[in-house]
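Undergrad: here are the coordinates; sequence isn't available:
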């Protein structure tokens, strides 16, 4: 009985916290989020204050308010600028996380009702070598393997898709279809290798700024020396030089986005959608969908005309989502679509691997090391119930 009461209390606390998250998405806070997301780099607080016409202390007030509610910003990394690509593997067999190669893993989730979905990031052009080494370690041939060379990380447009009165994320499939129809057909990003090597210091900086984009580089320097234990201590000036010359100059860090997962209803299902068709059309569909808070990111392979779109869809809207996808197919915006439903309880995300370019991928798979693997907390800590009550207005 005691454990049941504890479970009920935890559920009530989660529901209460969730309602408070949404309560504080007022127009002023949405304007602030929109401004922070508008930059193609990580902005300084003074720059945000100047552009919004407010004092820097007010910016910090907004930042602390978001943090106190469990909301956070994440850094936006463009994988193609790192000379990297993403491999998505979907299996019809369930494989526990502990049995898988982890060093280059970006995401893991069980598939409903049975199976496994895994995402890896690997050096550009090494997919065949990687898969030849990895696939024999799996219990069976994958149902699907998708190689992606370009990513679109969404910046949720809360001004359009969040209703302040009902405090709900708006899902209007017809509106999204109209947005896709009206969207211009943009040129597909060119696929080419960038000159210059990305090293472990660059990757360490990126992984820290992906998780906490407003962390100071001095703090990153301290963490680098503590976690990587280099033979010679790395100083702040060297870290700053790497950030300026290797990350900013390359365009690998494209600003920040709000992590909207705490805003999703508790009956939300994590979904991987694979769409295939004309490259220009799937690029247009992916780009529009990732402006919606429920579609955080997409990974494209323009040369093969395929896109993997990650989405979080409420249980009651899953069938209407399928109808929406099929309507796009009927209109010729895509040729094929498929949906894989994932278990959110078993879902795990991982920071950018600093071992990405350390050794040939076949050697990394063969060694099977999980050193330096860092998991991203997908459920940020929330204040206890008694503190949340005090924060109510």
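TA: Arrived safely. Note that the structure is a prediction, hence the values are computed from the model and not measured. Numbers count the residues shown, from 1 in each chain.

Undergrad: ok, residue 288 to residue 349 distance?
TA: As judged by Cβ to Cβ, to the nearest Å, residue 288 and residue 349 stand 24 Å apart. C-beta here means a position set from N, CA and C on the backbone, and glycine is covered the same way.

Undergrad: more neighbours, the two?
TA: residue 288 (20 against 16; other Cβ atoms under 10 Å).

Undergrad: give me the pLDDT for the more buried one.
TA: pLDDT for residue 288: 97.

Undergrad: which strands and helices sit next to the helix or strand hosting residue 159?
TA: Residue 159 belongs to helix 158-161 when assigned by DSSP states H and E. Where contact means 3 or more Cβ pairs under 8 Å, 6 or more residues apart in numbering; DSSP states H and E, helix 158-161 is packed against helix 27-37.

Undergrad: tell me the buried residues in the helix it packs on?
TA: For helix 27-37, the neighbour count (16 or more other Cβ atoms under 10 Å) marks 29, 30, 32, 33, 35, 36, 37 as buried.

Undergrad: go on, stretch 53-62?
TA: 54, 59, 62.

Undergrad: equivalent analysis for stretch 321-340, please.
TA: Those would be 321, 324, 325, 328, 333, 334, 337, 339, 340, for stretch 321-340 by 16+ other Cβ under 10 Å.

Undergrad: in strands only, show me the residues you listed.
TA: The strands, defined by DSSP state E, take in 337, 339, 340 from the buried residues of stretch 321-340.

Undergrad: what is the nearest of these to residue 270?
TA: Nearest to residue 270 among those is residue 340, at 9.4 Å by Cβ to Cβ.

Undergrad: which residues pair with the closest one across the strands?
TA: On the basis of DSSP bridges, residue 340 is bridged to residue 272.

Undergrad: can you add distance to residue 372 and give the buried residues of stretch 321-340 back as TSV?
TA: Formatted as TSV, those follow (distance: Cβ to Cβ, whole Å):
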residue	distance to residue 372
321	37
324	40
325	38
328	41
333	41
334	38
337	37
339	33
340	29
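
Undergrad: residues in contact with residue 154?
TA: 257, 289, 290, 291, 292, 293, 295, 296, 297, 298 (Cβ atoms under 8 Å, 6 or more residues apart in numbering).

Undergrad: wasn't residue 146 part of a helix?
TA: No: Residue 146 sits outside any helix when classified using DSSP: H, G, I helix; E, B strand; the rest coil, being strand.

Undergrad: residue 118: which element?
TA: Assigned by DSSP H and E, residue 118 falls in strand 116-123.

Undergrad: pairing partners for that strand, with directions?
TA: Here, using DSSP bridges, strand 116-123 pairs with strand 84-91 (antiparallel), strand 105-110 (antiparallel).

Undergrad: of all those, which lies closest to residue 98?
TA: Of those, nearest to residue 98 by Cβ to Cβ is strand 105-110, at 10.4 Å.

Undergrad: which residues are contacting the closest one?
TA: Contacts for strand 105-110 (Cβ under 8 Å, 6+ apart): 86, 94, 97, 100, 116-121, 270, 342-344, 346-350, 352-353, 373.

Undergrad: try stretch 253-262
TA: 18, 21, 33, 36-43, 69-78, 153-156, 158, 169, 206, 209, 213-214, 247, 293-294, 296, 312, 378-380, 382.

Undergrad: report the buried members of the residues you listed.
TA: By neighbour count, with 16+ other Cβ under 10 Å, the contacts of stretch 253-262 hold 18, 21, 33, 36-37, 39, 42-43, 69-78, 153-156, 158, 169, 206, 209, 213, 247, 293-294, 296, 312, 382 as buried.
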